[in-house]
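Q: Quick check, what structure comes out for this input:
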Amino acid sequence: MVDWHRLTALVLPLVVAACAGPTATLSPGPTSAPTASAASSPSGAPSTSAPASPTTAPGSPSAPASPSATTSPSAVPSATASAVPPASAYTYEEFDVPRGSHPHDVAPAPDGAVWYTAQHSGRLGLLDPATGEVTEIPLGNGSAPHGVIVGPDGAAWVTDGGLNAIVRVDPQSHEVTTFPLPTGRRVGLNTAAFDGAGTLWFTGQGGGVYGSLVPATGTVEVFDAPRGPGPYGIAATPAGEVWYVSLAGSYLGRIDSGTAAATVFDPPTASQGARRVWSDSLGRLWISEWFSGQVGMYDPAADEWHEWRLPGSNPQPYSVYVDELDLVWLTDFGSNSLVRFDPASETFESFTIPTAGAAVRQQLGRPGEVWGAESGVDKLVVLRWP
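A: Okay, here's the model as predicted:
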């Protein structure tokens, strides 16, 4: 049997070093005002589908709140069977980005372009999929951008561990505006999400924090997370609630946007390495469990957990994304694949990425497309369906 506690202790220092900045113990506090400056061919390789082996358990939240747990499993609905495209309908396309970029995260833009973070070159990239043309925007000396999302204002919002700041890039002028974190408080910024009120929430893995930015005022606050280092993926539900996961802490956390307090919910599998999280249309939270090789789902309405192990001998699910059909997508380092999970049939379908060693660390999409950043080979990849 694998000793997950020992494995976590051995692996976590490497993970933090690779994905986060210097650590610090923090207390809440605002920052100063922001600063501004000017600024291939398709080939799909689907595998045969595999049935899942689910586990089910009632929720087990811990302090500060203790929601009650249900005692019976609930159904796991998703798209109807007729709406799920067959594996043969999916096609891959890859796009080269400048060598040495190490693209980490991607964010499809409303106009059809795709943003990506060039973590090793300190730039934010913009791909035009129609032409393959790439534009890269310098973010500042010492930049090492990790995450990027498109905000309600249509701009690209970046979590930059090198600058220890949240960065906004205007979609038209490419003007760069920087919102520094409190002076001297380096946290290893990871990812971000907007809540229903338009506040940006973010995670800092190395510093063991989560935080908020009010774009209208530029006010940044940072809060100590439960269990210290580890906060990584973060997402908002359709109702605007914000949830995050902790890779080192192996938990799912819900942030109260009014009080900024975090409530912990523990998955059934201990030390599973919850890495990324995404919400489906029903507000259920889907989690990539890096250490256990599973995908987990927490249903807040039923206060109930489900988990399924990915196919293959050594699955390593890094990222998770839920598409418009409520189909769940994961990136599996173990098989160099994008993996689709249908909650209704509880089956997986694997799509081998055309280039070996792709190391896709994050996904985002739009109707008919799921995009990923191939950090290992300096490419972006899209899997499309009709």
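Q: who's in contact with the closest residue to residue 249 other than its chain neighbours?
A: Among residues not flanking residue 249 along the chain, residue 227 sits closest, at 3.8 Å (CB to CB, 6 or more residues apart in numbering). Where you see a C-beta, it was placed from the backbone N, CA and C, and this is true even at glycine. Counting by CB atoms under 8 Å, 6 or more residues apart in numbering, residue 227 touches 208, 246, 248, 249, 251, 264.
Q: nearest to residue 313, of those residues?
A: Proximity of these to residue 313 (CB to CB) peaks at residue 248, which lies at 25.5 Å.
Q: per-residue pLDDT, residue 210?
A: Note on residue 210: pLDDT of 98.
Q: residue boundaries of the helices in the chain?
A: Per DSSP state H, the chain carries helices over the ranges 4-19.
Q: give me the low-pLDDT residue ranges for the stretch 1-150 of the chain?
A: 1-82 (pLDDT under 70).
Q: Please give the number of neighbouring residues around residue 138.
A: A count of nearby residues for residue 138, using other CB atoms under 10 Å, gives 15.
Q: ok, now residue 202?
A: The number of residues packed near residue 202 is 28, by other CB under 10 Å.
Q: Please determine how far it is located from residue 255.
A: 11 Å (CB to CB, to the nearest Å).
Q: tell me, what's touching those two both at once?
A: Common neighbours of residue 202 and residue 255 (criterion: CB under 8 Å, 6+ apart): residue 210.
Q: and the nearest residue to residue 324 once chain neighbours are set aside, how far is that from residue 189?
A: Spatially, and ignoring its direct neighbours in sequence, residue 324 is nearest to residue 367 (5.0 Å; CB to CB, 6+ apart). Distance, residue 367 to residue 189, using CB to CB: 30 Å.
Q: the more surrounded of those two?
A: residue 189 (32 against 8).
Q: Now do the same contact list for the more buried one.
A: Residue 189 is in contact with 20-21, 146-147, 159-161, 164-166, 181, 202-204, counting by CB under 8 Å, 6+ apart.
Q: ok, now residue 244?
A: By CB under 8 Å, 6+ apart, the neighbours of residue 244 are 201, 203, 210, 231-235, 252-253, 255, 262, 277.
Q: now do residue 84
A: Residue 84 neighbours (CB under 8 Å, 6+ apart): 325, 327, 342, 344, 345.
Q: Listing request: residues of the stretch 201-350 of the chain with sub-threshold pLDDT.
A: For the stretch 201-350 of the chain, applying pLDDT under 70 flags no range at all.
Q: Spell out, range by range, the strands that occur in it.
A: Applying DSSP state E, counting those that start in this stretch to the stretch 201-350 of the chain gives strands spanning 209-214, 219-224, 231-236, 242-246, 251-255, 262-265, 274-279, 285-289, 294-299, 304-309, 317-322, 328-332, 337-342, 347-352.
Q: quick one: which of those is nearest residue 131?
A: Closest approach to residue 131 among the strands of the stretch 201-350 of the chain is made by strand 337-342 (24.1 Å; CB to CB).
Q: Show me the contact partners of that closest one.
A: So strand 337-342 is in contact with 47, 52, 78-79, 84, 295, 308, 310-311, 317, 327-332, 347-353, 360, 363, 370, 372, 383, going by CB under 8 Å, 6+ apart.
Q: Strand partners (parallel or antiparallel) of it?
A: With DSSP bridges as the test, strand 337-342 is paired with strand 328-332 (antiparallel), strand 347-352 (antiparallel).
Q: how near is residue 213 to residue 221?
A: On the measure of CB to CB, residue 213 and residue 221 end up 8 Å apart.
Q: More neighbours: which of these two?
A: Legend: neighbour count by other CB under 10 Å for residue 213 and residue 221, higher for residue 213 (24 against 20).
Q: burial count for the closest residue to the more buried one other than its chain neighbours?
A: Distances taken as CB to CB, 6+ apart put residue 200 closest to residue 213, at 4.3 Å, once the chain neighbours are dropped. Burial of residue 200 is recorded as 24 neighbouring residues (other CB under 10 Å).
Q: Next: the one 4 residues further on.
A: Neighbourhood size, residue 204 [other CB under 10 Å]: 32.
Q: Hmm, residue 212 and it touching each other?
A: No - assessed by CB atoms under 8 Å, residue 204 is found out of contact with residue 212, at 11.8 Å.
Q: quick one: the residue nearest to residue 249 from residue 274, how far?
A: Note on residue 227: its distance to residue 274, by CB to CB, is 12 Å.
Q: Overlap of the contact sets of these two?
A: Counting by CB under 8 Å, 6+ apart, the residues touching both residue 227 and residue 274 are 246, 249, 251.
Q: what number of residues lie near the second one?
A: Pointing back at residue 249 there. When counting by other CB under 10 Å, one arrives at 23 neighbours for residue 249.
Q: quick one: contacts for it?
A: Contacts of residue 249 by CB under 8 Å, 6+ apart are 225, 226, 227, 228, 229, 230, 231, 264, 274.
Q: and with 7 Å instead?
A: By CB atoms under 7 Å, 6 or more residues apart in numbering, the contact set of residue 249 is 226, 227, 230.
Q: Setting the sequence-adjacent residues aside, check what's closest to the first one.
A: With sequence-adjacent residues excluded and distances taken as CB to CB, 6+ apart, residue 226 is closest to residue 264, at 5.1 Å.
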